[in-house]
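Enquirer: 3D, please:
(2 chains)
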Amino acid sequence: MEFLLENILNLVGFLIGLAIGIMALIGFRNTGSPTLFRLTIAFFSISLGFFVIWMGYMVEDLIIKSGNIERWIQTLGIAIQTVGYFFIAFSHSIKSFFPKSRYFRSIGIFPLFLVSSVQLEHIFRSLSFILLAYAAIETMLSYFENKNKGAISVAVGLALLALGEFLGWYSFVFPESILYSASMIIKIGGLIALFIPVSKVPLTRIKFDDGLE
Amino acid sequence: MAEYRTHMKIIGDILATTRDDQQDENGASVTYLIRKANISHSRISRILKTLVSQGLLEQVETKGSNKYRISQSGREFLQAYYTFTNFADNFGLSI
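Expert: The predicted structure is shown next:
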């Protein structure tokens, strides 16, 4: 069951990340906007991260057959996704999120390493959670400003990804519980919510014009 | 409080003015664009120069003064600009 969910999650994540990344890339090539460039990097990273983990599961299932995915592959995939989440958060001017005081910065970041210094994977999951939660809050705030309904769906998607990331991270406390499966289902829901408004962008009317680059 | 406009938004406003709100068939003058796009003369001069060199605007000389009108590439750019403004809005961002 967990193996099936992992496969679905990583494949859905790969495809949705790739689709949004391609849209952002088309936007960047047509307008030259730095925001769209950051979104392109963000979603290609997220897509690549899911792809690495999916490939890890496929290789394990079809070739190695050891029953467990190589830990470093999972960590690598999550790290690449974290880079993508960073660029989404960075687009919202992430500097305003971190406290200015050096003391508060050290206090704020300390629990992450205190709890999850054992494995890099947990550190990346913690970072992903923070970045996703920040991006979700900023997106929701932007909805209150411009009332764009698509922003609600994206905010919910990012919040679900954050919750899924949190549960995935927390499941190491209860390894055999339903938490990890729940985290994957929540993340699949988050990815779908992220894609709904983006799928409504009328790309068919856009023509490439190399002269505009 | 005045709304902050990105460089891209200012370009969008200038192109939209030359497309939808022309002074006459020759296009819009710099003074007219300054008023409509709400931007300083020094800044709009730089932007107009870039837009003309990129082929998004056409410069027409009439009675000793320059007027600007949108080109076909400019129309396509503006269409892409509106589409991807909506795309970025979904993420709570401005392009």
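
Enquirer: So which residues of chain B form helices?
Expert: B:7-20, B:30-37, B:41-53, B:72-90 (DSSP state H).

Enquirer: what's the most buried one of those?
Expert: helix B:72-90 (a mean of 20; mean count of other C-beta atoms under 10 Å in any protein chain shown). Glycine gets a C-beta too; all of them are placed from N, C-alpha and C.

Enquirer: For chain A, give the residue positioned nearest to chain B.
Expert: residue A:142 (3.0 Å; C-beta to the nearest C-beta).

Enquirer: Residue A:197 sits in which helix or strand?
Expert: The secondary structure element spanning residue A:197 is helix A:179-199 (assigned by DSSP states H and E).

Enquirer: Ignore what I typed, I meant residue A:81.
Expert: Counting by DSSP H and E, residue A:81 is part of helix A:71-91.

Enquirer: Quick one: residues in contact with that helix.
Expert: A:10, A:13, A:17, A:35, A:38-39, A:41-53, A:55-56, A:94, A:97, A:119-121, A:124-125, A:127-128, A:131-132, A:134-135, A:138, A:158, A:161, B:91, B:93 (C-beta atoms under 8 Å, 6 or more residues apart in numbering or on different chains).

Enquirer: out of these, which are inside helices?
Expert: Per DSSP H, the subset of these in helices is A:10, A:13, A:17, A:35, A:38-39, A:41-53, A:55-56, A:120-121, A:124-125, A:127-128, A:131-132, A:134-135, A:138, A:158, A:161.

Enquirer: Mind putting the helices of chain B into a markdown table with mean pLDDT and distance to residue A:62?
Expert: Formatted as a markdown table, those follow (pLDDT from 0 to 100; distance: least, C-beta to C-beta, whole Å):
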| stretch | mean pLDDT | distance to residue A:62 |
| --- | --- | --- |
| helix B:7-20 | 88 | 47 |
| helix B:30-37 | 87 | 59 |
| helix B:41-53 | 91 | 54 |
| helix B:72-90 | 90 | 37 |
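
Enquirer: Save those as TSV, and put in distance to chain A too.
Expert: Formatted as TSV, the helices of chain B follow (distance: least, C-beta to the nearest C-beta, whole Å):
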stretch	distance to chain A
helix B:7-20	5
helix B:30-37	18
helix B:41-53	11
helix B:72-90	4
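
Enquirer: Minimum distance to residue A:187: which of the ones you listed has it?
Expert: Closest to residue A:187 of the helices of chain B is helix B:72-90 (C-beta to C-beta; 19.2 Å).

Enquirer: Show me what that closest one is packed up against.
Expert: If you count contacts as 3 or more C-beta pairs under 8 Å, 6 or more residues apart in numbering or on different chains; DSSP states H and E, helix B:72-90 packs onto helix A:2-31, helix A:34-59, helix A:149-170, helix A:179-199, helix B:7-20.

Enquirer: what about the residue lying closest to residue A:151 once chain neighbours are set aside, helix or strand, and which?
Expert: Closest residue in space to residue A:151, ignoring its immediate chain neighbours: residue A:143 at 4.0 Å, by C-beta to C-beta, 6 or more residues apart in numbering or on different chains. Here residue A:143 sits within helix A:120-146, counting by DSSP H and E.

Enquirer: by contact count, what packs against that helix?
Expert: helix A:71-91, helix A:102-116, helix A:149-170.

Enquirer: try it again with 10 Å
Expert: Other helices and strands packing on helix A:120-146, by 3 or more C-beta pairs under 10 Å, 6 or more residues apart in numbering or on different chains; DSSP states H and E, are helix A:34-59, helix A:71-91, helix A:102-116, helix A:149-170, helix A:179-199, helix B:72-90.

Enquirer: Of these, which shows the lowest average pLDDT?
Expert: Note on the helices and strands packed on helix A:120-146: lowest mean pLDDT is at helix A:102-116, with a mean of 51.

Enquirer: tell me the contacts of residue 27?
Expert: Because you didn't say which chain, this covers chain A. If you count contacts by C-beta atoms under 10 Å, 6 or more residues apart in numbering or on different chains, residue A:27 has them with A:33, A:35-37, A:39-40, A:201, A:203, A:206, B:80-81, B:83-85, B:87-88, B:95.

Enquirer: not what I meant, chain B
Expert: Counted by C-beta under 10 Å, 6+ apart, residue B:27 has contacts B:18, B:33, B:57, B:58, B:59, B:60, B:62, B:66, B:67, B:68, B:69, B:70.
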